[in-house]
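1. Sharing a model prediction with you, sequence too.
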Amino acid sequence: LKSKDEIHIIFKDDGKGFDLEKASLNKGSGLGLGNIFSRLDVVDGTYKFISNEGKGAECDIIIPLK
């Protein structure tokens, strides 16, 4: 979704899910979450990430347009 002030990205996965803390701390996990989070910092973006093992994952990302 795009408005005049921001881009809002939502993605959902109904897969097996994962423990976000473990995945974020484990650099070799292959998930690339640290890379995503650091790039959002550069553009003053925000994110809300919800994941539960066995229940999939959901992420809402908001990037302000300057």
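-> Thanks, I have it. Owing to the predicted nature of the structure, the values given are computational and were not obtained by experimental measurement.
2. Okay, now the sheet partners of the one helix or strand residue 47 maps to, with direction.
-> Assigned by DSSP states H and E, residue 47 falls within strand 46-51. Strand pairing for strand 46-51, using DSSP bridges, gives strand 57-64 (antiparallel).
3. May I have the beta-bridge partners of the residue nearest the centre of the chain?
-> In the chain, the centroid-proximal residue (C-alpha atoms, centre = their mean) is residue 59; its distance is 4.7 Å. For residue 59, the beta-bridge partners are residue 11, residue 49 (DSSP bridges).
4. contacting residues for residue 2?
-> Residue 2 makes contact with residue 8 under the criterion C-beta atoms under 8 Å, 6 or more residues apart in numbering. (Each C-beta comes from the backbone N, C-alpha and C, glycine too.)
5. how about the CA coordinates for stretch 55-63, as PDB?
-> The C-alpha trace of stretch 55-63 is given here as PDB (Å, rounded to 0.1, in the frame of the first residue of the first chain):
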ATOM      1  CA  LYS A  55       1.600 -20.900  13.400                       C
ATOM      2  CA  GLY A  56       3.400 -19.000  10.600                       C
ATOM      3  CA  ALA A  57       4.700 -15.500  10.600                       C
ATOM      4  CA  GLU A  58       3.400 -12.000   9.800                       C
ATOM      5  CA  CYS A  59       5.400  -8.800   9.200                       C
ATOM      6  CA  ASP A  60       4.100  -5.200   8.800                       C
ATOM      7  CA  ILE A  61       6.700  -2.700   7.500                       C
ATOM      8  CA  ILE A  62       6.200   1.000   7.200                       C
ATOM      9  CA  ILE A  63       8.700   3.200   5.300                       C
END
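6. what does it contact?
-> Applying C-beta under 8 Å, 6+ apart, the external contacts of stretch 55-63 come out as 6-18, 40, 43-51.
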